[in-house]
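Asks: just the structure for this:
(chains A and B)
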Amino acid sequence: MFKQKTIEQTKSAARKSGGNGSAAFYNNPNIRALFYQILLVLGLGYFFYSVISNVLANMEATGIKTGFSFLTASAGYDVLMSLIPFEATDTYGRIFIVGFLNTLLVSGIGIFFATLLGFVFGVAYFSHNWLVRKAATVYVETFRNIPLLLQVFFWYFAVLSTLPGARQSLSLGEAIFLNVRGLYLPKMVGSDLFWVAEVALGVAIAGIFVLRRWAKKRQELTGQPFPVLYASIAMVIGLPLLALIVTGMPFTVEYPALKGFNYFGGITVIPELMALAIALSVYTGSFIAEAVRAGVQSIPHGQTEAARSLGLKEKKIMSLIIVPQAMRVIVPLLNSEYQSLVKNSTLAAAIGYPDLFNVFVGTALNQTGQAIETIFMTIVVYFVVNMVISFLMNRFNNAVALVSR
Amino acid sequence: MKEFEPVPARPAPDKTVGPLAWMKENLFSSLLNSLVTLAVMALLVYYIPPVLDWAFFSANWQGTSEDACVREGACWVFVNAWSYQFFYGTYPVEEIWRINLMLVLLALVILASFTLPKHIRLKASVIAWLVLPLVGIALLDGRLLGLPVVSTDLWGGFTLNVFMAAASIIVAFPFSFLWALGRRSNMPFIRSVSVIFIEFFRGVPVLSLFFMGSVMLPLFFAEGTNVDKLIRVWIVLIFFMSGYMAEVFRGGFAAVPSGQYEAADSIGLSYWQKIMLIILPQVIKVSLPNILATFVMLFKNTTFLLIIGIPEVVQTLQTALSNSYWLGGHALEGYLFVFLVFWSSCFSMSLLARRIERQMNTDKRD
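Replies: Numbering: from 1, shown residues only, chains lettered A, B, ... in the order given. The predicted structure is shown next:
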């Protein structure tokens, strides 16, 4: 039977190549493709039609409103933490922005510390010291294999909630306080001429790009390298400092102070934010460490040997030979780790940190009952944030990708 | 004639072998290294004894209630007293054999797919895998088998995490395979539908999917249909998993050399013959480590079910921690126990994945 079929197919193929079009029309791949796709369109069409009509019928039955008019209605609930002024009488639209900013905040902190932890432990894996190597392995293997939710709970319920109360706060130099209600940091409050320093900082950051371009050009022309990193750090710190000195230190430092039962003033980091940020950084950091390790291991050992035989020092080998090549492997992995960090930040809902997911899909959905609109808006935000991350990382990837001549 | 006798090899210099040389090489190779070693050792000496003392030497092991915890160490009595709930949730005691039987069946199927004779292995294990979720539902629910019905509200604990993860990935398997094929297809419409599907379920936070399952999905069904919450979440998990697994399979398809496709075409196999007989067995073999890694991710993500109020193991732990008979603050013990359970299962799976990868990876770079 099998043989029969083969012969028939060969024949039909032969007929087709003959071009006389005598093959049955249902054996024509183009017609088949068209048929399958029409089938899929019909199936999808029916699926969406039934879902949408069901949704409409169900909504009518339960009396849920549709549309986005709820965004301008007063929300009537307060949020725990807000980066912009917010009152309970403000609208759902404003709550959306508050939640979005909180999500960006925790994701930003998480990405920063996860990258730091990941690179430190990823490089530690190649240390000459056995203990350091083992420490890196233990870190990666422990935190990668424990669910993130458990880690969030661990930091929130088992660590941060056992801290002492306000009166017995742990303090660092009477400026930074840590207690069960949160972390209290001093804040810089600028007065009238403070903008000069801010402008100076902006100039310094812009200057780095100019400096890098100039240094690269000079190296290509004369072969002399320029210490870009140290110069940049000096510029970022030095210029604003200079501006502050010239304008006569136009700022005061506001220290948190114990008033009644709690600390006031300065910057307050609520324990929910701390627990979530720590857990996200530690968890994602272990994945990034693994990515860094994979990147460095992907470089053939011959590269190191060749660099050594050219007489480069160990430090230079790392920074000039290994890391630039390893980045080609690391950056795409970093991209997906950052994206999953942003998605995982929705775990805020478990401990009540007011991120977008918690305030919108959690509370707003509960109050308005408009499941489809709220979930849709939230999903779109996460998509957009991840697309931005992906775009930036792809640009970065193009910058580090191998340029073949 | 005198036979040639080589001079016996001289031992390596004392300074390059043995524990002392190892220590010099790995712990004290430079001044900075020695300092780091001493610092790490000091930390270990300072912290390990109190931790060991807390966890073992002055811990409380015996007893059934909080009053038994008189010594200052960890109160493992808490974990002990709640261990039944941690594993089985609120499933009735006299019906526990069903869960145990299900675990045994799961283990048997896993074992079978590695040990059956080669000529029937693939067919038999694929069928066994696909039937397993149905058997599981019938057994745990009991309705179809004439056993007492156990409503899904009572399912819970660690076994629920295991079953949800296993049931989702098994059902997602064929779907994800289809999506991956769709993404490779030449038909533009099928390809774009597959891409949209895959990217949607990969790009969305799992939690929002769970909320969709618990809040939005009921709106999708016709009026009056009442689908169980656990089943709704299961459906969502299947979609989620098929998105991720489709990408795993796509990598697998790309890893099969194109000569295999061409050879299958040239001996006149039809599309499905080519895919099922030639390509799929190779794809599964190549993607096994990644399938395992995806399963580990899914398994860890089943803890997120807590947020929509499904009593999986972390939810059970939270309930236990707020129980009025156990208010002694046993959070640390409880979390450490659940850590250990998850860590040991996930770590062993990643070890297995790494081993399979090493077995397959025959081109050694270094």
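Asks: B:G157 contacts B:S83, doesn't it?
Replies: No - using Cβ atoms under 8 Å, B:G157 is not in contact with B:S83, being 9.6 Å away. C-beta: built from backbone N, CA, C; applies to glycine.
Asks: who's more crowded, those two?
Replies: B:G157 (24 against 14; other Cβ atoms under 10 Å in any protein chain shown).
Asks: list the contacts for the closest residue to that one other than its chain neighbours?
Replies: Among residues not flanking B:G157 along the chain, B:G89 sits closest, at 3.8 Å (Cβ to Cβ, 6 or more residues apart in numbering or on different chains). The neighbourhood of B:G89, defined by Cβ atoms under 8 Å, 6 or more residues apart in numbering or on different chains, consists of B:154-157, B:159-160, B:311-312, B:316.
Asks: for A:M59, see how far away A:S53 is.
Replies: 11 Å (Cβ to Cβ, to the nearest Å).
Asks: neighbour count: the two, which is higher?
Replies: A direct count of neighbours by other Cβ under 10 Å for A:S53 and A:M59 places A:M59 higher, at 17 against 11.
Asks: which element is the more buried one on?
Replies: Using DSSP states H and E, A:M59 falls within helix A:29-62.
Asks: residues in contact with A:R181?
Replies: A:166, A:262-263, A:270-271.
Asks: wait, which of those is closest to chain B?
Replies: A:P271 (14.0 Å; Cβ to the nearest Cβ).
Asks: you'd agree the closest one is up against A:Y184?
Replies: No - judged on Cβ under 8 Å, A:P271 makes no contact with A:Y184 at a distance of 11.6 Å.
Asks: settle it for me: which of those two has more neighbours?
Replies: Per other Cβ under 10 Å, whichever of A:P271 and A:Y184 has more neighbours is A:Y184, with 26 against 22.
Asks: just to check, the more buried one is in contact with A:P256?
Replies: Yes - between A:Y184 and A:P256 there is a contact under Cβ under 8 Å: 3.7 Å.
Asks: I'd like the distance between A:V385 and A:L149.
Replies: 21 Å.
Asks: okay, now the unreliable bits of chain B?
Replies: B:1, B:14, B:328, B:361-366 (pLDDT under 70).
Asks: spatially central residue for it, please.
Replies: B:V296 (3.1 Å; Cα atoms, centre = their mean).
Asks: from B:L351, how far off is that one?
Replies: For B:V296 relative to B:L351 (Cβ to Cβ), the value is 11 Å.
Asks: repeat for A:L273
Replies: With Cβ to Cβ as the criterion, A:L273 and B:L351 are 35 Å apart.
Asks: just send the contacts of A:R181 back as JSON lines, with secondary structure and pLDDT too.
Replies: Below are those laid out as JSON lines (DSSP: H, G, I helix; E, B strand; the rest coil; pLDDT from 0 to 100):
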{"residue": "A:A166", "secondary structure": "helix", "pLDDT": "76"}
{"residue": "A:N262", "secondary structure": "strand", "pLDDT": "76"}
{"residue": "A:Y263", "secondary structure": "strand", "pLDDT": "78"}
{"residue": "A:I270", "secondary structure": "coil", "pLDDT": "88"}
{"residue": "A:P271", "secondary structure": "helix", "pLDDT": "89"}
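Asks: between the residues you listed, which is nearest B:Q282?
Replies: Top of the list for closeness to B:Q282, among these and by Cβ to Cβ, is A:P271 at 51.3 Å.
Asks: neighbours around the closest residue to the closest one other than its chain neighbours, how many?
Replies: For A:P271, ignoring the flanking residues on the chain, the nearest one in space by Cβ to Cβ, 6+ apart is A:L160 at 4.5 Å. A:L160 is flanked by 22 other residues according to other Cβ under 10 Å.
Asks: one more: B:A166?
Replies: Residues near B:A166, counting by other Cβ under 10 Å: 22.
Asks: one more: the one 4 residues further on?
Replies: Other residues within reach of B:I170 by the criterion other Cβ under 10 Å amount to 19.
Asks: whichever strand or helix holds it: what's the following helix or strand?
Replies: In this assignment (DSSP H and E), B:I170 forms part of helix B:157-184. From helix B:157-184 onward toward the C-terminus, using DSSP H and E, the following helix or strand is helix B:188-203.
Asks: CA atoms only for that following helix, dumped as CSV, please.
Replies: Output of helix B:188-203 as CSV, limited to C-alpha atoms (Å, rounded to 0.1, in the frame of the first residue of the first chain):
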residue,chain,number,x,y,z
PRO,B,188,0.8,33.4,5.3
PHE,B,189,-2.5,33.5,7.2
ILE,B,190,-1.7,30.3,9.3
ARG,B,191,1.7,31.7,10.0
SER,B,192,0.5,35.1,11.2
VAL,B,193,-2.2,33.5,13.4
SER,B,194,0.4,31.3,15.0
VAL,B,195,2.8,34.1,15.6
ILE,B,196,0.2,36.3,17.2
PHE,B,197,-1.0,33.4,19.4
ILE,B,198,2.5,32.5,20.5
GLU,B,199,3.7,36.0,21.1
PHE,B,200,0.5,36.9,23.0
PHE,B,201,0.8,34.1,25.5
ARG,B,202,4.6,34.6,25.9
GLY,B,203,4.3,38.4,26.3
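Asks: now for B:V193: which residues touch it?
Replies: Counting by Cβ under 8 Å, 6+ apart, B:V193 has contacts A:40, A:44, B:182.
Asks: hmm, I was thinking of B:E262
Replies: Contacts of B:E262 (Cβ under 8 Å, 6+ apart): none.
Asks: any idea how far it lies from A:R32?
Replies: From B:E262 to A:R32 the distance is 20 Å (Cβ to Cβ).
Asks: stretch A:166-184: end-to-end distance?
Replies: Terminal residues of stretch A:166-184 lie 11 Å apart, using Cα to Cα, to the nearest Å.
Asks: give me the pLDDT for the nearest residue to B:A222 once chain neighbours are set aside.
Replies: Closest residue to B:A222 apart from its sequence neighbours, by Cβ to Cβ, 6+ apart: A:N54 at 5.3 Å. Model confidence at A:N54, given as pLDDT, is 85.
Asks: hang on, A:N54 packs against B:F221?
Replies: Yes - the criterion here is Cβ under 8 Å, and A:N54 meets it with B:F221 at 6.2 Å.
Asks: residues making contact with the helix or strand in which B:L106 is found?
Replies: If you go by DSSP H and E, B:L106 is part of helix B:96-115. For helix B:96-115, the surrounding residues in contact (Cβ under 8 Å, 6+ apart) are B:88, B:91, B:121, B:124-125, B:128-129, B:132, B:135-136, B:139-140, B:142, B:147, B:150, B:159, B:162-163, B:166.
Asks: what about the strands in chain A?
Replies: A:170-172, A:176-179, A:182-185, A:187-190, A:251-254, A:257-259, A:262-264, A:267-269 (DSSP state E).
Asks: with distance to chain B as new columns, can these be given to me in CSV?
Replies: Shown next, in CSV, are the strands of chain A (distance: least, Cβ to the nearest Cβ, whole Å):
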stretch, distance to chain B
strand A:170-172, 18
strand A:176-179, 17
strand A:182-185, 19
strand A:187-190, 32
strand A:251-254, 33
strand A:257-259, 26
strand A:262-264, 22
strand A:267-269, 21
